[in-house]
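Peer 1: sequence and predicted structure are below.
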Amino acid sequence: MRKFSNVNYIYLNILKIIKKFLYNINPARVINWLVILVILYSMFNVKYWNKENKVFYGDVISYYAYLPATFIYKDITLSFTENYKGEHKFIIYGKKTFTGIKAIKMTMGLSILYSPFFFLGHIGAKIFGYDSGGFSAPYIFALLMSCIFYLSIGLYFLRKILQHYFSKIVTAITIVFIVFGTNLFFYSSFRAPVSHAYSFSLIAIFLYLTIKWHERSTLINTILLGLISGLITLIRPTNVIVLIFILLWGVSSKKEFIERLKYFIRNYYLILIMIGSFIIVLIPQLLYWKIVSGHFIYYSYGEEGFLFANPQIIRGMFSYRNGWLVYSPIMILSLIGFLFLFRKQKEFFLPTLIFTLLNIYIILSWWCWWYVGFGQRAFIDSYSILAIPMAAFIGWTLKQKKLIKISILTVALLFFSLGVFHTIQYCHGSIHFNSMTKAAYWESFGKIRQTSKFWSLLESPDSQKAVKGIQAIKPKKKVEK
């Protein structure tokens, strides 16, 4: 009997330990690690570092070109690309400026983030006998790992922000929805070195620093906030509008706004330090433009530009050709969440609302409003911000009566599942990168791979006319696969 009692005592203590362990588990932290593991699995499954034109393509080439041009070919003017007779293979191009010198199209912000991994890739190429010209497998692998590294940091700070205002379970659900239910997962794994996951992470860090700066405006917080803001702008200049948060975070009335301005005036030296830190990040880019164009400010996009008088808001949000809410319907929760953000987290409401409205207007004023790729990729940068109203809505939902809660969560899971399935479809070619139509979408609906009829239902946009603000379709012909 005593033996049985001892066993029972041990058993109960083990149960208490397990219960305490489970109670102390942070589901949001577990989700963050799960996200990274799933992305790593996806990368190692497809092994893009062994495939040509899967990583170094399109914009990535221009974002990355500063590194090999500077540290391998020792020629930032790209003159070596015209008559190169060396041993390396490279993919670098630029467009001639007024001076006749070639300029790299993209700004160098991503090259700054790539740089530690670029040097690791360069060392790896030397050690293992790969081409050390900047574009072989070790460099590709290093760039893919850079995305994982920065995304993990961004998710860490996003979790810290959300957990401060919402429960751990709300935080966990929000992160799952934001990463897997949208196009963020695709651009963090299969198209990793593209700018969006990096901007997503930097903006998460920026939000965290902004909150901390308003709580305690130390010198280090001021400098870090300026540097991060500059880097965000250097990667994608239109994202400079995040600075709205520095001015308006915590402001919910005219009186509070006036008090904020007075605070800035009283602490003008901190604002000057922040501006100085911001400008320091931009100096290398300004010097580069001066070298290649003769001017400190140079517009490298040629005839491409914004059509602010004719933004394609409805198309950009709801078109079958990469409409944001069509391919990431879970983000509808974020838009609904503004109603609950106003009620519960007023410190976020005004800057988040103004930022979102401006962001939608700017993104969808670009001549190529469909942003060739998967599901309005330009919006990914702002998902760290949009996670906040989404969390507000989820938090409200979990507090409702059983029937209401189950109904809303069921719809949310349907939106989430559809977003996940869209990612799978895009990876298998049943969603096209720029030519989807209503007929093509519904022909592919519920199917992983494209049907024989799919290609005949696509319509290619006329880019030459779109640059001029004319929305037109090219004459019917075989669409590029």
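Peer 2: Structure's in. What do you need?
Peer 1: identify the residues contacting residue 168.
Peer 2: Contact analysis of residue 168 by Cβ atoms under 8 Å, 6 or more residues apart in numbering lists 26-28. Backbone N, C-alpha and C define where each C-beta goes, glycine included.
Peer 1: buried subset of those?
Peer 2: Buried members of these, counted by 16 or more other Cβ atoms under 10 Å: 27-28.
Peer 1: lowest pLDDT pick from the contacts of residue 168?
Peer 2: On pLDDT alone, residue 26 ranks lowest of the contacts of residue 168, at 84.
Peer 1: so how far is residue 260 from it?
Peer 2: According to Cβ to Cβ, to the nearest Å, residue 26 stands 34 Å off from residue 260.
Peer 1: buried ones in the longest helix along the chain, by neighbour count?
Peer 2: Counting residues, the longest helix found in the chain (DSSP state H) is helix 137-165. If you call a residue buried by 16+ other Cβ under 10 Å, then helix 137-165 has these buried ones: 137-151, 154-155, 157-163, 165.
Peer 1: going on from it, what's the next piece of helix or strand?
Peer 2: helix 168-180 (DSSP states H and E).
Peer 1: restrict stretch 274-289 to CA atoms and write it as PDB.
Peer 2: The C-alpha trace of stretch 274-289 is given here as PDB (Å, rounded to 0.1, in the frame of the first residue of the first chain):
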ATOM      1  CA  MET A 274      17.800  61.600 -35.100                       C
ATOM      2  CA  ILE A 275      17.800  63.500 -38.400                       C
ATOM      3  CA  GLY A 276      21.600  63.400 -38.500                       C
ATOM      4  CA  SER A 277      21.600  59.600 -37.900                       C
ATOM      5  CA  PHE A 278      19.000  59.300 -40.700                       C
ATOM      6  CA  ILE A 279      21.100  61.200 -43.200                       C
ATOM      7  CA  ILE A 280      24.300  59.300 -42.300                       C
ATOM      8  CA  VAL A 281      22.700  56.100 -43.700                       C
ATOM      9  CA  LEU A 282      21.900  57.900 -47.000                       C
ATOM     10  CA  ILE A 283      25.400  59.500 -47.500                       C
ATOM     11  CA  PRO A 284      26.900  56.500 -49.400                       C
ATOM     12  CA  GLN A 285      24.000  56.500 -51.800                       C
ATOM     13  CA  LEU A 286      24.200  60.300 -52.400                       C
ATOM     14  CA  LEU A 287      28.000  59.900 -53.100                       C
ATOM     15  CA  TYR A 288      27.400  57.100 -55.500                       C
ATOM     16  CA  TRP A 289      24.800  59.100 -57.400                       C
END
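Peer 1: what is the mean pLDDT for it?
Peer 2: Stretch 274-289 comes out at a mean pLDDT of 97.
Peer 1: identify all contacting residues around stretch 140-149.
Peer 2: 36, 39-40, 43, 48-49, 55-56, 60, 64, 113-114, 116-118, 120-121, 124, 188, 192-193, 197-198.
Peer 1: just the buried subset of the residues you listed, please.
Peer 2: 36, 39, 43, 48-49, 55-56, 60, 64, 113-114, 117-118, 120-121, 124, 188, 192-193, 197-198.
Peer 1: just the buried residues of stretch 399-412, please?
Peer 2: Within stretch 399-412, the residues scored as buried using 16+ other Cβ under 10 Å are 408-409, 412.
Peer 1: of those residues, closest to residue 476?
Peer 2: Residue 476 lies nearest to residue 412 out of the buried residues of stretch 399-412, by Cβ to Cβ, at 39.1 Å.
Peer 1: quick one: the one helix or strand residue 340 maps to to helix 137-165, angle?
Peer 2: Per DSSP H and E, residue 340 falls inside helix 332-344. Inter-element angle recorded for helix 332-344 and helix 137-165: 40 degrees (by axes from the mean of the first three to the mean of the last three Cα atoms, to 10 degrees).
Peer 1: output the contacting helices and strands for helix 332-344.
Peer 2: helix 346-363, helix 383-398, helix 402-427 (3 or more Cβ pairs under 8 Å, 6 or more residues apart in numbering; DSSP states H and E).
Peer 1: what mean pLDDT would you report for it?
Peer 2: Averaged across helix 332-344, the pLDDT comes to 93.
Peer 1: how about stretch 445-462?
Peer 2: pLDDT averaged over stretch 445-462 gives 94.
Peer 1: buried residues, it. List them.
Peer 2: 450, 454-455, 457-461.
Peer 1: check stretch 41-59 too.
Peer 2: Neighbour-count burial for stretch 41-59 [16+ other Cβ under 10 Å]: 42-43, 48-49, 55-56, 59.
Peer 1: likewise for stretch 288-305?
Peer 2: By neighbour count on 16+ other Cβ under 10 Å, the buried set for stretch 288-305 is 288-289, 292-293, 298, 300.
Peer 1: low-confidence ranges in the protein?
Peer 2: 1-24, 52, 477-481 (pLDDT under 70).
Peer 1: just the strands in it please.
Peer 2: Taking DSSP state E as the criterion, the chain carries its strands at 95-96, 102-103.
Peer 1: deepest-packed of those, please.
Peer 2: strand 102-103 (a mean of 21; mean count of other Cβ atoms under 10 Å).
Peer 1: adjacent strands (with direction) for that one?
Peer 2: strand 95-96 (antiparallel) (DSSP bridges).
Peer 1: got the contact list for the partner strand?
Peer 2: Here strand 95-96 has contacts from 102-103, 105, 300, 302, using Cβ under 8 Å, 6+ apart.
Peer 1: mind putting the residues you listed into TSV with distance to residue 87?
Peer 2: Output for the contacts of strand 95-96, formatted as TSV (distance: Cβ to Cβ, whole Å):
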residue	distance to residue 87
102	22
103	26
105	27
300	30
302	33
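Peer 1: and these, which two are furthest apart?
Peer 2: Longest span within those, Cβ to Cβ: 102 and 302, 13.1 Å.
Peer 1: nearest to residue 475, of the helices and strands packed on helix 332-344?
Peer 2: Residue 475 sits nearest to helix 402-427 of all these, at 25.9 Å, using Cβ to Cβ.
Peer 1: elements contacting that closest one?
Peer 2: Judged by 3+ Cβ pairs under 8 Å, 6+ apart, helix 402-427 is in contact with helix 168-180, helix 186-189, helix 332-344, helix 383-398.
Peer 1: so which residues make contact with stretch 244-253?
Peer 2: 206-207, 210-211, 213-214, 225, 229, 256-257, 260, 264, 274, 346-351, 354-355, 358.
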